[in-house]
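In: Return atomic coordinates for the entry below.
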Amino acid sequence: MTAGAGYGKTQAVSTLLRSTQESIIWFQLSELDNLIARFWERFVFGFKPYSKKLAASLKALKYPETLAAFDQFLHLLAKELIHKKRFIFVLDDFHLIHDKSVLNFIENLIYSRIQKV
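Out: Numbers count the residues shown, from 1 in each chain. You can find the predicted model right below:
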């Protein structure tokens, strides 16, 4: 969706997603999420309602700064999918993110097309 602030985009998406059977992992991004440590802390926290075990594993992993670490991250997500139903990521206010590392992480996550292992 494209519209200015205050036109109800977040509310519209939230209302639509409540009618699905999917698990929703909602990330409300802010300018502060351009700091890698804060982004990762909030990213991990977003998984707690979905899976406390996964959130704890991700916290222990730390922000995946290398491709090997990113592969470990993907493996943790894929392993969790065996036991849970699908989930939908929402990156609300994504336009506020400009840090190259955070953008690369999100781009790699999108392109990874996570599958169950």
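In: Show me where this protein dips below the pLDDT cut-off.
Out: 1-7, 13, 81-85, 114-117 (pLDDT under 70).
In: where do the helices sit along it?
Out: Here the chain has its helices, by DSSP state H, at 9-18, 36-46, 52-61, 67-83, 100-112.
In: what are the C-alpha coordinates of the second one, in PDB please?
Out: The C-alpha coordinates for helix 36-46 follow below in PDB (Å, rounded to 0.1, in the frame of the first residue of the first chain):
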ATOM      1  CA  ILE A  36      22.000  -3.400  14.500                       C
ATOM      2  CA  ALA A  37      21.900  -4.400  18.200                       C
ATOM      3  CA  ARG A  38      18.500  -2.800  18.700                       C
ATOM      4  CA  PHE A  39      17.200  -4.300  15.500                       C
ATOM      5  CA  TRP A  40      18.300  -7.800  16.500                       C
ATOM      6  CA  GLU A  41      16.900  -7.400  20.000                       C
ATOM      7  CA  ARG A  42      13.500  -6.400  18.700                       C
ATOM      8  CA  PHE A  43      13.600  -8.900  15.900                       C
ATOM      9  CA  VAL A  44      14.200 -11.700  18.400                       C
ATOM     10  CA  PHE A  45      11.500 -10.300  20.700                       C
ATOM     11  CA  GLY A  46       9.000 -10.500  17.800                       C
END
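In: Pull the residues that contact it.
Out: Outside of helix 36-46, the residues within contact range by C-beta atoms under 8 Å, 6 or more residues apart in numbering are 25-27, 32-33, 55, 58-59, 62-63, 99, 101-102, 105. Where you see a C-beta, it was placed from the backbone N, CA and C, and this is true even at glycine.
In: Next, the buried residues of that helix.
Out: Within helix 36-46, the residues scored as buried using 16 or more other C-beta atoms under 10 Å are Phe39, Trp40, Phe43, Val44, Gly46.
In: related to what we said a few turns ago, mind putting the helices of the chain into CSV with distance to Phe89?
Out: Below are these laid out as CSV (distance: least, C-beta to C-beta, whole Å):
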stretch, distance to Phe89
helix 9-18, 11
helix 36-46, 9
helix 52-61, 13
helix 67-83, 10
helix 100-112, 8
